[in-house]
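Asker: Have a look; sequence and predicted model below, questions after that.
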Amino acid sequence: AQKILGRIFWDNTKHRVLVVRKTNRTIKESVFQLFKELILDWDMWNEFTFNKSELSITHNHTGSQIITTGMDDPEKLKSIAGITIVWIEEATELAKEDFEEIDRRLRGYTDTYKQIMMSYNPVNEQHWIVKRFFESEEEDVSIYKTTYLDNNFIDEDYKRMLNELVKYDLNAYRVYCLGEWGVINIENPFMHNYRPELHEAEVEYDMDKPLIVALDFNIFPMAINFCHLYRD
């Protein structure tokens, strides 16, 4: 947020900044509030106009705008043109298709470089961000890893709470203390609890009866059930 405001102040151009989260309802109390607090702390409140209904901010001198939206409002996103900067907050909440739609918003000639910034906690090592930016050799990509040790503004009690994670949640400790990609662990996954005496039985398959195949992609790993269901 500081970097975006800095570019608005110091770049000799008119910016249109797009700030994105997965849902629009999360923006007001997060990124929009953060920008307001920074502008107030920097004693520049009178230099900006705030639109509370659209959750947008305009720099009065340059005309630069900060526009916010959620990916649950795709039509609004498609109507936004002339973007020079994008900040995706909590980027791991977005699908790969969401990112690609945002990427298409940065088009046309501008007086300065265009940039997408993504901030997130590395919650899932199988996330598309890992495959797209960590496992590939894509050009013009910079990755910055930080942990709570880089934050000068958190208190000692909060640091102690984070370090306590190592005792009861190693995955959370890995993500929030070490800044490493998290490993998703499923409680009691069926494939690791399979026992023939419980889950196998002799059945007579009738080719004339329907076979139902059900797939569920909302859990990880995915579940597949083959059901031969009939009355006899």
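Answerer: Sure thing, it's come through.
Asker: Okay, now the unreliable bits of the protein?
Answerer: 74, 185-194, 218-221, 232 (pLDDT under 70).
Asker: what are the phi and psi values for the residue nearest in space to the middle of it?
Answerer: Residue closest to the average C-alpha location in the chain (CA atoms, centre = their mean): Ala91, at 2.0 Å. Here is the backbone geometry of Ala91 (degrees, to the nearest 10): phi -60, psi -20.
Asker: who's in contact with it?
Answerer: Taking CB atoms under 8 Å, 6 or more residues apart in numbering, we find Ala91 in contact with 99, 118-120, 129. (Glycine included, C-beta is placed from N, CA and C.)
Asker: How are the strands of this protein distributed by residue range?
Answerer: For the chain, the strands defined by DSSP state E occupy 16-21, 48-51, 56-59, 65-70, 85-89, 115-119, 211-216, 223-228.
Asker: Rebuild these as JSON lines, extending it with distance to Lys167.
Answerer: Shown next, in JSON lines, are these (distance: least, CB to CB, whole Å):
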{"stretch": "strand 16-21", "distance to Lys167": "32"}
{"stretch": "strand 48-51", "distance to Lys167": "44"}
{"stretch": "strand 56-59", "distance to Lys167": "43"}
{"stretch": "strand 65-70", "distance to Lys167": "37"}
{"stretch": "strand 85-89", "distance to Lys167": "30"}
{"stretch": "strand 115-119", "distance to Lys167": "28"}
{"stretch": "strand 211-216", "distance to Lys167": "33"}
{"stretch": "strand 223-228", "distance to Lys167": "32"}
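Asker: So which of the ones you listed is nearest Tyr168?
Answerer: The minimum distance between Tyr168 and those falls on strand 115-119, with 26.9 Å, by CB to CB.
Asker: Check which residues of that closest one are buried.
Answerer: For strand 115-119, burial by neighbour count (16 or more other CB atoms under 10 Å) applies to 115-118.
Asker: Neighbouring strands of that strand in the sheet, and parallel or not?
Answerer: With DSSP bridges as the test, strand 115-119 is paired with strand 85-89 (parallel).
Asker: For the longest helix seen in the chain, name the packing helices and strands.
Answerer: Assignment by DSSP state H gives helix 156-168 as the longest helix of the chain. Counting by 3 or more CB pairs under 8 Å, 6 or more residues apart in numbering; DSSP states H and E, the packing neighbours recorded for helix 156-168 are helix 170-176.
Asker: List the buried residues of the helix it packs on.
Answerer: Buried-residue list, helix 170-176, by 16+ other CB under 10 Å: 173-176.
Asker: rewinding a little: and which of the buried residues of strand 115-119 is nearest Leu34?
Answerer: Using CB to CB, Met117 comes nearest to Leu34 of the buried residues of strand 115-119, at 13.8 Å.
Asker: how about the helices in the protein?
Answerer: In the chain, the helices defined using DSSP H lie at 2-10, 33-41, 74-78, 96-103, 128-129, 156-168, 170-176, 196-199.
Asker: Turn these into JSON lines, columns for distance to Val17.
Answerer: Shown next, in JSON lines, are the helices of the chain (distance: least, CB to CB, whole Å):
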{"stretch": "helix 2-10", "distance to Val17": "6"}
{"stretch": "helix 33-41", "distance to Val17": "10"}
{"stretch": "helix 74-78", "distance to Val17": "14"}
{"stretch": "helix 96-103", "distance to Val17": "13"}
{"stretch": "helix 128-129", "distance to Val17": "21"}
{"stretch": "helix 156-168", "distance to Val17": "30"}
{"stretch": "helix 170-176", "distance to Val17": "28"}
{"stretch": "helix 196-199", "distance to Val17": "55"}
